[in-house]
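Asks: Quick one: sequence and predicted model below, then my questions.
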Amino acid sequence: MMRLLPTILWVTLLLGCSGENARVKAGQPQMTDQVGNVAIDFAPPSPETIPGSQMGEQIRLGYEIVVNTQEYAKPYVGNRLNCTNCHLDGGLNPNAASFVGLAAVYPEYRSRNDRVNTLADRVNECMQRSLNGKVFPPDSSKLQAVVAYITWLSSGVPSGAKIPWRGLQFIQSRRPIDSENGKKVFASKCVFCHGSDGLGTMAAPPVWGPQSYTSGADMARVSVAAAFIKSNMPRSWGWSLSDDDAYDVAAYINAQPRPDFPGKVNDWPKGGKPSDSPY
């Protein structure tokens, strides 16, 4: 069964991103970069390229951990989220912090912790901040599997390349943020999946409360949440909200209670903290 999952994932991705949900990314200039004379396009590898070896099994396990984190990495998770709740479609969606090509940019210096980070470091950071959990040990087979999956998704992308689709496509609000309007947008567009209390349903994860991401997660920044909401929410109806409404609902969501991240006191030791950091 596990061998069939990558193929199923690709079919799901193609169906989910064939219309409005991927219109801004697909075919536009930000999808292509130049490294020397080499064009860098968003081109995930075919599942048929997964080797029939121990490495292939690692890649498949990494996929399972990303998509079914609650089941495959439960001892390391402290809330009800899965990695794919932010990295949609198992990290394959170009509008949602895709993993495609990501391995090519690491190791990378990050000002938040003032050191060079490996891809494994970045995975563990998400485990702590977004999943409110704990890090995988350095020799963990689960950590190695996630790294193997992301590395496989980055096949063909030159080391050090600038990834045009990396992260999220940031937007700007044209007026002061209005959290009261955000509350109305949430009530009309979000409650069906996330619940009127924001604590999640069978259809979608909690966006605040004790089972959601921490104050130290990237998504706790209003600009990041707004960019994600704009391009992906409501699910399958991305790009349907105005930039202003996306900012308003992001501000409303991030103003609600969520777990604290004690390690935040060590962030940006040399300065450079984003203006919309919640701490």
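Replies: Cool, the structure landed. Worth saying up front: this structure is predicted, and the values here are computed from it rather than measured.

Asks: This protein: helices as residue ranges?
Replies: Assigned by DSSP state H, the helices in the chain fall at 5-16, 54-67, 69-72, 88-91, 119-129, 141-153, 179-189, 191-194, 222-232, 243-254.

Asks: burial count for the closest residue to F136 other than its chain neighbours?
Replies: In space, and not counting its chain neighbours, F136 is closest to L143: 3.6 Å by Cβ to Cβ, 6 or more residues apart in numbering. The C-beta positions use only the backbone N, C-alpha and C, and glycine is treated the same way. Number of residues near L143 (other Cβ atoms under 10 Å) recorded here: 22.

Asks: surely L143 meets N124?
Replies: Yes: with contact defined as Cβ atoms under 8 Å, L143 counts as touching N124 (7.1 Å).

Asks: shared neighbours, these two?
Replies: Contact with both L143 and N124 is made by residues F136, according to Cβ atoms under 8 Å, 6 or more residues apart in numbering.

Asks: Quick one: residues contacting the nearest residue to K189 once chain neighbours are set aside.
Replies: Counting by Cβ to Cβ, 6+ apart, K189 lies nearest to P234, which is 5.5 Å off, once chain neighbours are set aside. By Cβ under 8 Å, 6+ apart, the contact list for P234 reads 189-190, 192-193, 240.

Asks: ok, S159 - contacts?
Replies: S159 makes contact with A104 under the criterion Cβ under 8 Å, 6+ apart.

Asks: how much space between it and V105?
Replies: Taking Cβ to Cβ, to the nearest Å as the measure, S159 falls 8 Å from V105.

Asks: where in the stretch 151-279 of the chain is pLDDT low?
Replies: Within the stretch 151-279 of the chain, no stretch has pLDDT under 70.

Asks: any shared contact partners between S159 and V105?
Replies: By Cβ under 8 Å, 6+ apart, S159 and V105 have no common neighbours.

Asks: Need the residues that contact stretch 97-117.
Replies: So stretch 97-117 is contacted by 40, 42-44, 66, 86-87, 90-92, 94, 118-119, 122, 125, 147, 149-151, 153-154, 157-161, 163, 165-168, 228, 266-272 (Cβ under 8 Å, 6+ apart).

Asks: again, only using 7 Å
Replies: With Cβ atoms under 7 Å, 6 or more residues apart in numbering as the test, stretch 97-117 has contacts from 42, 44, 86-87, 91-92, 118-119, 122, 150-151, 153-154, 157-161, 163, 165, 167-168, 267-270, 272.

Asks: Now do the buried residues in it.
Replies: For stretch 97-117, the neighbour count (16 or more other Cβ atoms under 10 Å) marks 97-106, 112, 117 as buried.

Asks: In strands, which of these appear?
Replies: Applying DSSP state E to these, the entries found in strands are N117.

Asks: Make CSV out of the buried residues of stretch 97-117 and add distance to D197 and pLDDT.
Replies: As requested, the buried residues of stretch 97-117 are exported to CSV (distance: Cβ to Cβ, whole Å; pLDDT from 0 to 100):
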residue, distance to D197, pLDDT
A97, 26, 97
S98, 30, 98
F99, 31, 98
V100, 35, 98
G101, 37, 97
L102, 34, 97
A103, 38, 97
A104, 41, 96
V105, 38, 96
Y106, 38, 97
R112, 31, 98
N117, 36, 98
